[in-house]
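A.B. asks: Make a model of this:
(one chain, ligands or ions: 1)
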Amino acid sequence: MKIGVYICHCGVNIASNVDVKQVASYAKTLPNVAVSTDYVYMCSEPGQELIKKDIREKALDRVVVASCSPTMHEPTFRTTVQEAGLNPYCFEMANIREQCSWVHEDREKATEKAVGLIKSAVARVSLLEPLEEKEVPVMQTALVIGGGIAGIQASLDIANAGFKVYLVEKEPSIGGRMAQLDKTFPTLDCSSCILTPKMVEVGRNKNIELLTYSEVVDVSGYVGNFKVKVKKKPRYIDVEKCTGCGNCASACRLKGRIPDEFNLGLSKRAVPYILFPQAVPLKYTIDPNHCLYIQKGKCGDRLLCKEACTADAINFDQKEEFLEIEIGTIVVATGIDPFNAALKPEYGYGKYPEVITGLEFERLSSASGPTGGEILVNGKKPKKIVFISCVGSRDKQVGNEYCSRVCCMYTAKHAHLVKEKIPESEVVVCYTDVRAFGKGFEEFYDRVKNEGVIYRRGNVGEVYKKAGQLVVRGEDTLTGEVHEEEADLVVLAVGLIQRNEGVGLAGLLRIPLGHDKFFLEAHPKLRPVDTAMKGVYLAGCAQGPKDIPDSVAQAKGAASSALVLLESGGVKLEPYSAMIDKDRCGGCRICEMVCSYSALKYDSEEKVMTVNEALCEGCGTCSSACPSGAIKMNHFTKEQTLAQIRGLI
Ligand SMILES: Cc1cc2nc3c(=O)[nH]c(=O)nc-3n(C[C@H](O)[C@H](O)[C@H](O)COP(=O)(O)OP(=O)(O)OC[C@H]3O[C@@H](n4cnc5c(N)ncnc54)[C@H](O)[C@@H]3O)c2cc1C
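C.D. replies: The predicted structure follows:
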């Protein structure tokens, strides 16, 4: 065996804290090491050429590169050795940057540790065996979960490239939060005017199968070959027959008595409903929680909705349906919920009707909203309006340390809309900091200040009522003074949080959530749309709060990643998997219980376990749990791991 060891300086990242020359000359003394050298950037083209030349000229059959984390450059060096004719799995990396030079100050000790890490890598590489990657076909279908602007964009991009898309939306219509907005910052376009053409395009696209009022309830399989179960909730309306005329809603006995969720309870609707006039599909749904017939088996003496429906579309016999689909790739675009302002009781939300959230303001201000776009409080135009920023964002007390990225700008937009609709009003924004970082944001913020909106920096301590008048008490941190503002309306700029269903969905998809509870991307800088699960991508606010342009951009990124996979037709799987020694396996099935990837199955004829290599992620949990030592991990055998540990100690 001939091993080549290559030590990287990484400029000064490693060399300033580790004596690379000393490490290289020590490595030469290790068993089977034929070459040991250092170079300023091993990942550069000359660095890679150095390795290739040695493999060819000195007949190396194993290679160790001591540099950064394998997450950064393992694929680079595997390709390098492969290009020189070596099996890519006969390569090992020692991380002497993140795990050594960056975390230690004492050069002598860091050098000693680098030597240990390289000894360990050399011991392991000498036991590595060549492995072959497997290629599996990719189903030519995509699943997009969530039909907000991000899911809409991702679906359109994939479908327009010629692939079948299943778009699953839990609500009766697509549109998401954007459908609830009035105007959009900083350009003040009417939100539904720019959203609805895209919604219509989704409805018309022959490659998109729109599954509204539906939820994903099970996901199994692996990249290219996911098996997904979707639950279609009963609408109690035959969508093929429904014309969207609304006769059922007009006839409903409870018309005008059910809180309208789209308007956040600011208006009332009937039991049969559509979310909003431009809903796609424009089909009614009977709300089962409020329908007297569904709840009590009787609705007065006549079913008025059924009688009013000339299309005979109402069907109370509808049941849940389950659809099983085979999917090549998945885009998660489940978006955000607004922070629950009642968790900040000091602002009086829920106690005083004059305290509302930013999303409620959107509905009040929207022409399709409950007041036809007039900003009214208790039926009157407010004269003084106070906005409070960062409600539920940048707030350790409620567990949300992050900035929600849109609230500063939507508050500026709201302040502008108030000034536009009630020019004589006084508008004060109590802010923590103003973050106007996007294109055109700073200009918009300046414009709003020039319109006479007063910005007051500081913390609001409390919103209370004195003699029936709402008062906002806070500290102006620029003047150091405590101030009290009387207000007719207080608008809380609530932050954005992960949806309730997010945790369950993360479990189904086997993708992690970050500390902010949003879906975690595979790498914060270099893989912002990928997840830990191959073939599953993130789009829009599901990954973290963002505005519409950023949601659309990320959706396009997710769609293009999905398309790369679909277009390739096949995907290579890393050959790390569990292997069963049938002679040792007692068929106890403990491994099956601990496997998170459903990769192990019991063969009842042979009475032993079997591994689906495509499903196996090579995590090794089964191997450690197996009481009879019957499971060996490819590329991480006991011998290889013990050699690695011995090398280190
Ligand atoms: C008050 C307020 C004002 C704003 N104003 C602006 C503005 O002026 N300009 C701007 O650029 N941005 C603004 N934003 C931000 C904007 O709303 C978001 O950028 C945008 O909605 C993100 O789109 P999305 O598709 O990622 O998520 P969402 O709009 O949240 O859509 C997600 C969709 O997924 C569905 N869904 C969720 N879970 C599931 C599930 N498990 N299964 C199936 N479907 C599911 C939801 O029902 C929803 O339809 C504002 C946000 C708020 C709260």
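A.B. asks: now could you export just the CA positions of the longest helix along the chain as PDB?
C.D. replies: Longest helix in the chain by number of residues, with DSSP state H as the criterion: helix 548-568. Presented in PDB, the C-alpha positions along helix 548-568 are these (Å, rounded to 0.1, in the frame of the first residue of the first chain):
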ATOM      1  CA  ILE A 548     -42.100  38.600  -1.500                       C
ATOM      2  CA  PRO A 549     -39.200  39.200  -3.900                       C
ATOM      3  CA  ASP A 550     -36.900  37.000  -1.800                       C
ATOM      4  CA  SER A 551     -39.600  34.300  -1.500                       C
ATOM      5  CA  VAL A 552     -40.000  34.300  -5.300                       C
ATOM      6  CA  ALA A 553     -36.200  34.200  -5.800                       C
ATOM      7  CA  GLN A 554     -35.800  31.300  -3.400                       C
ATOM      8  CA  ALA A 555     -38.700  29.500  -5.000                       C
ATOM      9  CA  LYS A 556     -37.000  29.900  -8.400                       C
ATOM     10  CA  GLY A 557     -33.800  28.500  -6.800                       C
ATOM     11  CA  ALA A 558     -35.700  25.500  -5.300                       C
ATOM     12  CA  ALA A 559     -37.400  24.900  -8.700                       C
ATOM     13  CA  SER A 560     -34.100  24.900 -10.500                       C
ATOM     14  CA  SER A 561     -32.600  22.400  -8.000                       C
ATOM     15  CA  ALA A 562     -35.600  20.200  -8.400                       C
ATOM     16  CA  LEU A 563     -35.300  20.500 -12.200                       C
ATOM     17  CA  VAL A 564     -31.600  19.500 -12.200                       C
ATOM     18  CA  LEU A 565     -32.700  16.300 -10.400                       C
ATOM     19  CA  LEU A 566     -35.700  15.600 -12.700                       C
ATOM     20  CA  GLU A 567     -33.800  16.400 -15.900                       C
ATOM     21  CA  SER A 568     -30.900  14.100 -14.900                       C
END
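A.B. asks: Average pLDDT for it, rounded please.
C.D. replies: Throughout helix 548-568, pLDDT has a mean value of 98.
A.B. asks: can you pull the buried residues of that helix?
C.D. replies: By 16 or more other CB atoms under 10 Å, the buried positions in helix 548-568 come out as 548, 550-559, 561-563, 565-566. The C-beta positions use only the backbone N, C-alpha and C, and glycine is treated the same way.
A.B. asks: what separates that helix from the chain centre, distance-wise?
C.D. replies: 13 Å (CA atoms, centre = their mean, to the nearest Å).
A.B. asks: what packs against it?
C.D. replies: helix 149-160, strand 329-332, strand 536-538 (3 or more CB pairs under 8 Å, 6 or more residues apart in numbering; DSSP states H and E).
A.B. asks: backbone phi and psi for the nearest residue to Ala159 once chain neighbours are set aside, please?
C.D. replies: Nearest residue to Ala159 in three dimensions, chain neighbours excluded: Asn207, at 3.7 Å (CB to CB, 6 or more residues apart in numbering). When read as degrees, to the nearest 10, the backbone of Asn207 gives phi -90, psi -10.
A.B. asks: Please identify which helix or strand holds Lys21.
C.D. replies: helix 20-27 (DSSP states H and E).
A.B. asks: Which stretches in the stretch 301-450 of the chain count as strands?
C.D. replies: Using DSSP state E, counting those that start in this stretch, the strands found in the stretch 301-450 of the chain span residues 321-327, 329-332, 336-338, 355-357, 384-391, 426-431.
A.B. asks: Counting neighbours, what do you get for the closest residue to His483 other than its chain neighbours?
C.D. replies: Nearest residue to His483, sequence neighbours excluded (CB to CB, 6+ apart): Asp476, at 5.4 Å. Using other CB atoms under 10 Å, Asp476 is surrounded by 14 other residues.
A.B. asks: Got phi/psi on Asp476?
C.D. replies: phi -80, psi 110.
A.B. asks: any idea of the pLDDT on it?
C.D. replies: For Asp476, pLDDT reads 94.
A.B. asks: dump the residue contacts of the nearest residue to Asp581 once chain neighbours are set aside.
C.D. replies: Leaving aside its sequence neighbours, Asp581 sits nearest to Ala630 (CB to CB, 6+ apart; 4.7 Å). Contacts for Ala630 (CB atoms under 8 Å, 6 or more residues apart in numbering) come out as Ile580, Asp581, Lys582, Asp583, Arg584, Cys585, Gly586, Met609.
A.B. asks: hang on, the earlier thing: and the helices and strands packed on helix 548-568: which comes nearest the ligand?
C.D. replies: helix 149-160 (3.4 Å; CB to the nearest ligand atom).
A.B. asks: quick one: contacts of that closest one?
C.D. replies: 142, 144-145, 147, 165, 167, 169, 174, 176, 178, 195, 198-199, 201-202, 205, 207-208, 331, 333-335, 539-542, 548, 551-552, 554-556, 558-560, 562-563, 566.
A.B. asks: what's the closest of the buried residues of helix 548-568 to the ligand?
C.D. replies: Closest to the ligand, out of all of these and judged by CB to the nearest ligand atom, is Ile548, at 3.3 Å.
A.B. asks: Just list the residues touching that closest one, thanks.
C.D. replies: Ile149, Met178, Thr184.
A.B. asks: Tell me how far it lies from Ile580.
C.D. replies: Remark: distance between Ile548 and Ile580 (CB to CB, to the nearest Å) = 51 Å.
A.B. asks: got a winner among the contacts of Ala630 for most neighbours?
C.D. replies: Met609 (26 neighbours).
A.B. asks: Look at that residue and give its secondary structure.
C.D. replies: strand (DSSP: H, G, I helix; E, B strand; the rest coil).
A.B. asks: State the distance from it to the ligand.
C.D. replies: Separation of Met609 from the ligand (CB to the nearest ligand atom, to the nearest Å): 33 Å.
A.B. asks: that older thread, so which of the strands of the stretch 301-450 of the chain is the most packed in?
C.D. replies: strand 329-332 (a mean of 29; mean count of other CB atoms under 10 Å).
A.B. asks: So in that sheet, which strands flank that one, and in what orientation?
C.D. replies: Here strand 329-332 has these sheet partners by DSSP bridges: strand 141-145 (parallel), strand 536-538 (parallel).
A.B. asks: Pull the residues that contact that strand.
C.D. replies: Applying CB under 8 Å, 6+ apart, the set of residues contacting strand 329-332 is 138, 142-146, 151, 154-155, 158, 219, 223-224, 226, 228, 505, 509, 511, 519, 531, 535-539, 542, 555, 558-559, 562, 565-566.
A.B. asks: residues from this structure in reach of the ligand?
C.D. replies: The chain has residues 145-151, 168-171, 176-178, 181, 184-185, 215, 333-336, 338, 358-359, 362, 406, 410, 413, 496, 499, 501, 505, 540-541, 546-548, 551 near the ligand, with proximity defined as CB under 6 Å from any ligand atom.
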